[in-house]
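Q: Next input, structure requested:
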Amino acid sequence: MKIALINENSQATKNSLIYETLNEVAKEKGFEVYNYGMYGKEDESQLTYVQNGLLAAILLNSKAADFVITGCGTGVGAMVSLNSFPGVVCGIASEPTDAYLFSQINGGNALSLPFAKGFGWGAELNLKLIFERLFAEPMGGGYPKDRVVPEQRNARILNEMKTITHRDLLTVLKTIDQDFLKETIAGEYFQEYFFENCQDEAIADYLQSLLSH
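A: A predicted model of the protein is given here:
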């Protein structure tokens, strides 16, 4: 599994802590983590929680990533933003049980965390436990187990519904403000990570043409 980490600007200084904790858990599972920032560096290209949603959608729809970890101060803004885009099903978790139940019941492909609210003593331990429970079992396994069939059916219906209620991502990318899109993909390592892993030629070609102008 390829996991992308995306921090928005207000919580950029916590990026290294989040990345190291996530990577520790991912390595035990044999997963790869790609840190798309923000990194908390001076003069770094900014990512708002709205841009988190756009960047997550680009990575997930192009299959450059299989799962996205993101967040903001409360986690709510990032979750709402990610769910505004096609091909993204994002939950929110403030403790390990939230993460486990989201992974099993909803089987989504992104999780938003509150990186300011309640982020105090023992925060790194809570993060580690959240990541461990999130990836404890294959996504969409169902909970409780006697609810597996209806839960998987509901998740499938939601995914099918989003293909009707949302435009395809390439249309979105061509329609939105192009300066906003450029800012979103201006991160230090975006081109290295994205083009190495992208599996959608049309999305890759469009973003490459945008970056070359």
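
Q: Where do the strands of the protein begin and end?
A: Here the chain has its strands, by DSSP state E, at 2-5, 32-35, 67-72, 90-92, 110-114.

Q: can you pull out the helices in the chain?
A: Ranges of helices within the chain are 15-29, 49-61, 76-83, 96-101, 123-134, 148-165, 169-175, 178-184, 190-197, 201-211, based on DSSP state H.

Q: which residues make contact with the last one from outside it?
A: Contacts to helix 201-211, defined as Cβ atoms under 8 Å, 6 or more residues apart in numbering, come from residues 58, 61-62, 169-170, 173-174, 178, 181-182, 185, 191, 194-195, 198. Any C-beta I mention is one placed from the backbone N, CA and C, and that applies to glycine too.

Q: Could I get the strands of the chain in CSV, plus columns for mean neighbour count?
A: Converted to CSV, the strands of the chain look like this (neighbours: other Cβ atoms under 10 Å):
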stretch, mean neighbour count
strand 2-5, 21
strand 32-35, 20
strand 67-72, 26
strand 90-92, 23
strand 110-114, 27
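
Q: Save those strands as a markdown table, and put in mean pLDDT too.
A: Shown next, in a markdown table, are the strands of the chain (pLDDT from 0 to 100):
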| stretch | mean pLDDT |
| --- | --- |
| strand 2-5 | 98 |
| strand 32-35 | 98 |
| strand 67-72 | 98 |
| strand 90-92 | 98 |
| strand 110-114 | 98 |
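
Q: before we move on, back to that, out of the contacts of helix 201-211, who's the most crowded?
A: Counting neighbours by other Cβ atoms under 10 Å, the top entry in the contacts of helix 201-211 is Ile58, with 27 neighbours.

Q: List the residues that contact that one.
A: Contacts for Ile58 (Cβ under 8 Å, 6+ apart) come out as 64, 169, 173, 184-185, 194, 203, 207.

Q: Columns distance to Cys90 and pLDDT on top of those residues, output as TSV?
A: Listed next are the contacts of Ile58 as TSV, based on distance: Cβ to Cβ, whole Å; pLDDT from 0 to 100:
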residue	distance to Cys90	pLDDT
Ala64	17	98
Leu169	15	96
Leu173	19	97
Thr184	17	97
Ile185	19	97
Phe194	19	98
Ile203	19	98
Leu207	22	98
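
Q: Quick one, which of the helices of the chain gets closest to Gly108.
A: Among the helices of the chain, helix 148-165 comes nearest to Gly108, with 8.2 Å by Cβ to Cβ.

Q: Please identify the buried residues of the closest one?
A: The neighbour-count check on helix 148-165 (16 or more other Cβ atoms under 10 Å) flags 151, 155 as buried.
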